[in-house]
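Asks: sequence and predicted structure, then a few things I'm wondering about:
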Amino acid sequence: MVALLEREAGEVLPGLPGGAEHEEGSSAGHAHNLDTDYYLVNAWFGYDGDMTERPFHHGNLRAVLLDEAVAVLRDSGVEGLSLRDLARRAGVSHGAPRSHFVDRQALLDALAVVGFERLRTAVEWAMTASTDLPDRFRHVAHAYVDFAIDDAALMDLMFQAKSSTRTGAVGEAAGALFGLLDQAAGPRDADTDEAARESFKMLFAATMQGLAALVVSGRIPRAQGERLVDDAADMMLASDLARRSVTDR
């Protein structure tokens, strides 16, 4: 692609077909097809993967790499993640991902942000399902557990960092999620116990992630897990903790 663009402008990269060493003699040095130039340019820049199925990515390379990383997480867990493998899967040179992620930890942090944002979106949709607080709370609980089951490795990655070290974009994304969960508990009033409300949110997350873990590990079938989600949500709303922290029950 680069060679083709530069040849249109009357310039070529040295060492590639169409350069000075091919200018003498017949025009054979310039008779290349698109596939040949595509492979040669990528070889010039150090790409050693399969270019037969992956196109070049322009401004969306970061998003493509993150989507590929989520897919790897689902198949192989966090141990299967590497920047070089993601480059191969995305069809770019092995050094290209470092324009967006300086190292593997930067990739993991970006994935955690993606996870928090996707879970927040799922919870937002669940909150529109009903105006009745108990019913809405059950919808939110199911959305949370469904995400934790379907993207178990991503969920683990999101919460593996200690809260004291979760800063920057990851901390902001986590805060946005828990802020939304706070809204799911209904508006505050003069009698709201803030400490109890914080405990209620943490207990909700711990309970739902625990139920999801039982399903993911195969300890219980998913259908049973879904019934337990309803039971847990109802039990939480009927608790003394909810009485002190949740309005409009």
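Replies: Structure received.
Asks: show me the domain layout of the chain.
Replies: As assigned by automatic domain parsing, the chain contains the domains 2-44, 61-102, 111-245.
Asks: lowest average pLDDT across those domains?
Replies: Mean pLDDT across those is lowest at domain 2-44; the value there is a mean of 43.
Asks: am I right that Gly115 is in contact with Ala153?
Replies: No: look at Gly115 against Ala153 with Cβ atoms under 8 Å: they stay out of range, at 9.6 Å. For glycine as for every other residue, the C-beta is placed from the backbone atoms N, C-alpha and C.
Asks: between these two, which is the more surrounded one?
Replies: Gly115 (25 against 21; other Cβ atoms under 10 Å).
Asks: to which secondary structure element is the more buried one assigned?
Replies: Gly115 belongs to helix 104-127 when assigned by DSSP states H and E.
Asks: buried ones in that helix?
Replies: Judged by neighbour count using 16 or more other Cβ atoms under 10 Å, the buried positions of helix 104-127 are 107-116, 118-120, 122-123, 126-127.
Asks: need the residues that contact that helix.
Replies: Helix 104-127 is contacted from outside by 62, 65-66, 69-70, 73, 78, 81-83, 86, 97, 100-101, 136, 139-140, 142-144, 146-147, 151, 154-155, 157-158, 161, 168-170, 173-174, 176-177, 180-181, 183-184, using Cβ atoms under 8 Å, 6 or more residues apart in numbering.
Asks: ok, and what's touching stretch 180-190?
Replies: With Cβ under 8 Å, 6+ apart, stretch 180-190 has contacts from 120, 123-124, 127, 133, 136-137, 140, 197, 200-201, 204-205, 245-249.
Asks: chain center to that stretch: distance?
Replies: 27 Å (Cα atoms, centre = their mean, to the nearest Å).
Asks: what about that stretch, start to end distance?
Replies: 20 Å (Cα to Cα, to the nearest Å).
Asks: report the buried residues of that stretch.
Replies: Taking 16+ other Cβ under 10 Å as the criterion, stretch 180-190 shows 180-182, 184-186 as buried.
Asks: repeat that for stretch 145-165.
Replies: For stretch 145-165, by 16+ other Cβ under 10 Å, it's 145-149, 151-159, 161.
Asks: state the helix or strand in which Asp234 lies.
Replies: helix 222-237.
Asks: mind giving me the packing neighbours of that helix?
Replies: Under the contact definition 3 or more Cβ pairs under 8 Å, 6 or more residues apart in numbering; DSSP states H and E, helix 222-237 sits against helix 133-150, helix 194-216.
Asks: noted, bye for now.
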